[in-house]
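# Sequence first, predicted coordinates after that:
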Amino acid sequence: MTSLRVSLGYELEVRGRSREVERRAFENVMNQVVLADELGFDTAWFVEHHFTRGFSHSSAPDLVLAGISQRTERIRLGLGVVLLPFQSPIRTAERVGTLDVI
């Protein structure tokens with residue numbers, strides 16, 4: 001028998017430009033993934049975005065995933081999009097490797 005696998009995908013959309021709005025956005029997404037873990041969701045994916053109004057709050061998804069990894073137990077976490085033109089591919093591989101160890 002095959003079980004249903006349910007995943008989440010995040011772009012971290014934020015409306016507003018205050019420190020509190022930004023902080024709340026990250027807190028909310030972390031709480032959502034923790035709840036998804038408790039409910040048995042399979043995976044949570046985060047994409048990298050830069051300089052896109054409303055969606056540019058995901059410039060370091062590996063850091064968000066590192067924080068979430070410390071609060072969850074079973075859910076698998078992943079990077080859905082990594083923009084290599086903005087950084088060294090070698091440095092990206094190092095960061096993703098470190099995230100995998102954490």
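Yep, that arrived. Quick caveat, the model's predicted, so the values are computed rather than measured.

# which stretches of the protein have low pLDDT?
Within the chain, the segments meeting pLDDT under 70 span 1, 54-55.

# State which helix of it is the longest.
In the chain, assigned by DSSP state H, the helix with the most residues is helix 19-39.

# Give me the contact list for that one.
8, 10, 12, 14-15, 44, 57, 64, 67-68, 71-75, 77 (Cβ atoms under 8 Å, 6 or more residues apart in numbering). All C-beta spots, glycine's among them, are computed from the backbone N, C-alpha and C.

# who touches whichever helix or strand comes after that helix?
Per DSSP states H and E, the first helix or strand lying C-terminal to helix 19-39 is strand 43-47. Under the criterion Cβ under 8 Å, 6+ apart, residues 5, 7-12, 33, 36, 58, 61, 64-65, 68, 75-81 lie in contact with strand 43-47.

# Pull up the pairing partners for strand 43-47, direction included.
strand 7-10 (parallel), strand 76-81 (parallel) (DSSP bridges).
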